[in-house]
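Trainee: Take a look and give me a structure for this.
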Amino acid sequence: MSEAPPGILERFRRLIRRSLAARLATIAIVSVLGLVAMGFIAHAQFNRALLRLLIDPEIESVADNLIGNSGPGLAGELALQDLPYDPRYLQPLSGRYFQIARIHDDLLEVQVISPSLFDVNIQLDPKLQAELTAANAPRGPRYIDVAGPDNEPLRVIARVEQIPQLEGRYLFLVGVAPRAILAPAANLVGLAFAVFVAFCALMVAAVSVLQVRVGLEPLHQLQRDIASVRRGDSERLGGEYPAEIQPVTEELNALVDHNREVVERARRHVGNLAHALKTPIAVLKNAAADGKNNEVMRQSIDEMEAFVERQLRRARVAARAEARAGAQAPTIAYRTPVLQNLEDLIFMMEQKYDHQKAVDISIEAEGDVTFRGEREDLLEMVANLIDNACKYGRSQVIVRLLPPFESNGLMEIVVEDDGPGLSDSEQSLAMARGARLDEAAPGQGLGLSILKETVDLYAGELLFERGELGGLKARLRLPATD
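Mentor: Okay, here's the model as predicted:
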């Protein structure tokens, strides 16, 4: 069954995820729509302000005039002594109207209307009429918007007053059609707002184009520089980039440097393998020529096989580190608890040297620490140090686990013995590839140099110094996780 094609919203989401230009364009469109909405809101607020400034004072003045000129007529009804001075209240359907009605309970008895109303009345919504004519309604003017003749919108002032010498209360309504007054100003302001919004929209569009063309140009330059490095035209990214992109270029340069280091390390591994196999091959040749030293041949073959396996394991570690390369933590994907592995390793060393010499191996730790790397690499590095300490120490080996330093986030494993130790020159020689300080011990002299390469692979540190027990103190610093 075929899948349904993605909808418009899903296609838009995919476009936003894949394109920075689409994101900038979307922001520009939303900004323009926001400007248009703000323009409509501002225009409406401007019209309301014009109502309060131009119309409300006029109808309030006319209402005061009507109330002042109201009095009893010949038949006891309300009559006006003088009409408003504005002749437009006399002209039919002029847009200026007034109406006076007597309040009977909830009903209105219209007694006076302006000639401009001709033969119609100003009708009020029943609910609004009830609010205006209620006995407990607040006194004072109230401005309302109602429908006038021909359903023309009216701005009306409503006042309930008592007239001397007349019984009851009277509702005075004075209304003006705002369209005739506000239309010229509203058209001018509407045009101004339209021009302003159009200008802002064009500016937003222009800025968005500049952002896409100019703002994203460093990314295009970065793409070209990376392609140059990939083709071999450049060794590193050396251009000037904005501060927001500079960290990315630094990480990419670190990745390039790391890959170059991995290649160099692979070359060294090949050299180590060739160096290690020279002696066993020579022994095999001599044994083969003799035809009697089968045990020597077996031992040499075992040594070659072990070393080849060791180098293959180191190559796999380097390959994993290359795949997860970073500026400071090539194997950040791994988390290995340290304390339990140290305890297991010490137990194995005690079993190994139990029948060879009396060595007391102790561990000191305030708490557990998590190594940012693989367990096999941790065991290989620490085992090398503890094995050497047990081999050359007299009777005591101490292993200490220290928490990460706040400055660089490296935990520390200290291995100390009470053996003869190493002088400064011997410490430097011990780290050299193929160098051996003890010719009586089996091996090819590559243990510490390969250990140093593994430490460097994890951006760690390996230091040698004279310990408190009188022998060698090895300080292994490795990256730790939080």
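
Trainee: Give the residue farthest from the middle of the protein.
Mentor: Distance from the centre of the chain peaks at residue 74, with 83.4 Å (CA atoms, centre = their mean).

Trainee: Against residue 82, how distant is that one?
Mentor: Distance, residue 74 to residue 82, using CB to CB, to the nearest Å: 17 Å. Heads up, the C-betas are built off the backbone N, CA and C, glycines and all.

Trainee: what do you get for residue 340?
Mentor: Using CB to CB, one obtains 107 Å as the distance from residue 340 to residue 82.

Trainee: same check, this time on residue 245
Mentor: Residue 245 is 81 Å from residue 82, by CB to CB.

Trainee: So those two - more neighbours on which side?
Mentor: The residue with more neighbours, out of residue 245 and residue 82, is residue 245; 14 against 9, by other CB atoms under 10 Å.

Trainee: Run through the residues that contact the more buried one.
Mentor: For residue 245, the contacting residues are 218, 219, 222, by CB atoms under 8 Å, 6 or more residues apart in numbering.

Trainee: Please name the nearest non-neighbouring residue to the second one.
Mentor: Closest residue to residue 219 in three dimensions, ignoring its sequence neighbours and counting by CB to CB, 6 or more residues apart in numbering: residue 245, at 7.1 Å.

Trainee: coming back round to it: with neighbour count, distance to residue 380 and pLDDT added, can I get the contacts of residue 245 in TSV?
Mentor: Formatted as TSV, the contacts of residue 245 follow (neighbours: other CB atoms under 10 Å; distance: CB to CB, whole Å; pLDDT from 0 to 100):
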residue	neighbour count	distance to residue 380	pLDDT
218	18	44	78
219	14	42	76
222	17	39	80
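
Trainee: Distance to residue 119 and secondary structure added to those residues, as JSON lines?
Mentor: Formatted as JSON lines, the contacts of residue 245 follow (distance: CB to CB, whole Å; DSSP: H, G, I helix; E, B strand; the rest coil):
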{"residue": "218", "distance to residue 119": "77", "secondary structure": "helix"}
{"residue": "219", "distance to residue 119": "75", "secondary structure": "helix"}
{"residue": "222", "distance to residue 119": "81", "secondary structure": "helix"}
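
Trainee: The stretch 251-400 of the chain: helices as residue ranges?
Mentor: Here the stretch 251-400 of the chain has its helices, by DSSP state H, counting those that start in this stretch, at 294-323, 339-353, 375-392.

Trainee: before we move on, back to that, look up which helix or strand the residue farthest from the centre of the chain falls in, please.
Mentor: Counting by DSSP states H and E, no helix or strand carries residue 74.

Trainee: List the contacts of the residue nearest to residue 95 when sequence neighbours are not counted.
Mentor: Of all residues not flanking residue 95 in the chain, residue 177 sits nearest, at 3.7 Å (CB to CB, 6+ apart). By CB under 8 Å, 6+ apart, the residues touching residue 177 are 95, 96, 148, 152, 153, 154, 155.

Trainee: Report pLDDT for residue 177.
Mentor: Predicted confidence (pLDDT) for residue 177: 87.

Trainee: Point to the residue nearest the middle of this structure.
Mentor: Centre-nearest of the chain using CA atoms, centre = their mean is residue 244, 13.6 Å out.

Trainee: Pull up the gap between residue 168 and residue 156, please.
Mentor: Taken as CB to CB, the span from residue 168 to residue 156 is 21 Å.

Trainee: Have a look at those two and say which one is more surrounded.
Mentor: More neighbours surround residue 156 than the other of residue 168 and residue 156, with 23 against 11 (other CB under 10 Å).

Trainee: Any buried residues in the helix or strand hosting the more buried one, and which?
Mentor: Remark: residue 156 resides in strand 153-161, with elements defined by DSSP H and E. Neighbour counts over strand 153-161 (16 or more other CB atoms under 10 Å) mark 154, 155, 156, 157, 158, 159, 160 as buried.

Trainee: from these, which is closest to residue 45?
Mentor: residue 155 (15.9 Å; CB to CB).

Trainee: Could you measure from the residue nearest to residue 371 when sequence neighbours are not counted over to residue 478?
Mentor: Excluding its sequence neighbours, the residue lying closest to residue 371 (CB to CB, 6+ apart) is residue 336, at 4.4 Å. According to CB to CB, residue 336 stands 10 Å off from residue 478.

Trainee: joint contacts of the two?
Mentor: Joint contacts of residue 336 and residue 478 (CB under 8 Å, 6+ apart) are 371, 372, 373, 378.

Trainee: who touches the last one in this structure?
Mentor: Think residue 378. 336, 338, 341, 371, 478.

Trainee: What values do phi and psi take at the closest residue to residue 392 other than its chain neighbours?
Mentor: The shortest distance from residue 392 to any non-neighbouring residue, by CB to CB, 6+ apart, is to residue 419 (4.1 Å). Backbone torsions of residue 419, given as degrees, to the nearest 10, read phi -80, psi -160.

Trainee: pLDDT check: weakest of the contacts of residue 378?
Mentor: Lowest pLDDT among the contacts of residue 378: residue 336, 87.

Trainee: In three-state terms, how would residue 25 be classified?
Mentor: helix (DSSP: H, G, I helix; E, B strand; the rest coil).

Trainee: What of the one 5 residues further on?
Mentor: Using three-state DSSP as the criterion, the local structure at residue 30 reads helix.

Trainee: What ranges in the stretch 351-482 of the chain fall below the confidence cut-off?
Mentor: 406-408, 427-447, 482 (pLDDT under 70).

Trainee: 80 - rerun?
Mentor: By pLDDT under 80, the low-scoring segments of the stretch 351-482 of the chain are 405-409, 423-450, 453, 481-482.

Trainee: what does the stretch 1-150 of the chain give?
Mentor: 1-29, 31-32, 35-36, 38-40, 42-54, 74-76, 105-106, 135, 137-139.

Trainee: any idea where the helices of it begin and end?
Mentor: Under DSSP H, counting those that start in this stretch, the stretch 1-150 of the chain gives helices at 8-18, 20-50, 56-68, 126-133.

Trainee: what distance separates the last one from the middle of the whole chain?
Mentor: Computed by CA atoms, centre = their mean, to the nearest Å, the chain-centroid distance of helix 126-133 equals 56 Å.

Trainee: Count the neighbours of residue 396 for me.
Mentor: As a burial measure, residue 396 scores 18 neighbours (other CB under 10 Å).

Trainee: residue contacts, it?
Mentor: Shown in contact with residue 396 (CB under 8 Å, 6+ apart): 359, 360, 362, 417, 418, 469.

Trainee: Neighbour-wise, which one of those residues leads?
Mentor: Neighbour count (other CB under 10 Å) singles out residue 417 as the most crowded of those, with 28 neighbours.

Trainee: Which residue is the nearest non-sequential neighbour of that residue?
Mentor: In this structure, residue 417 finds its nearest non-sequential neighbour in residue 393, 3.1 Å apart by CB to CB, 6+ apart.

Trainee: Is it correct that that neighbour is in contact with residue 415?
Mentor: No: counting by CB atoms under 8 Å, residue 393 does not reach residue 415; the two are 9.7 Å apart.
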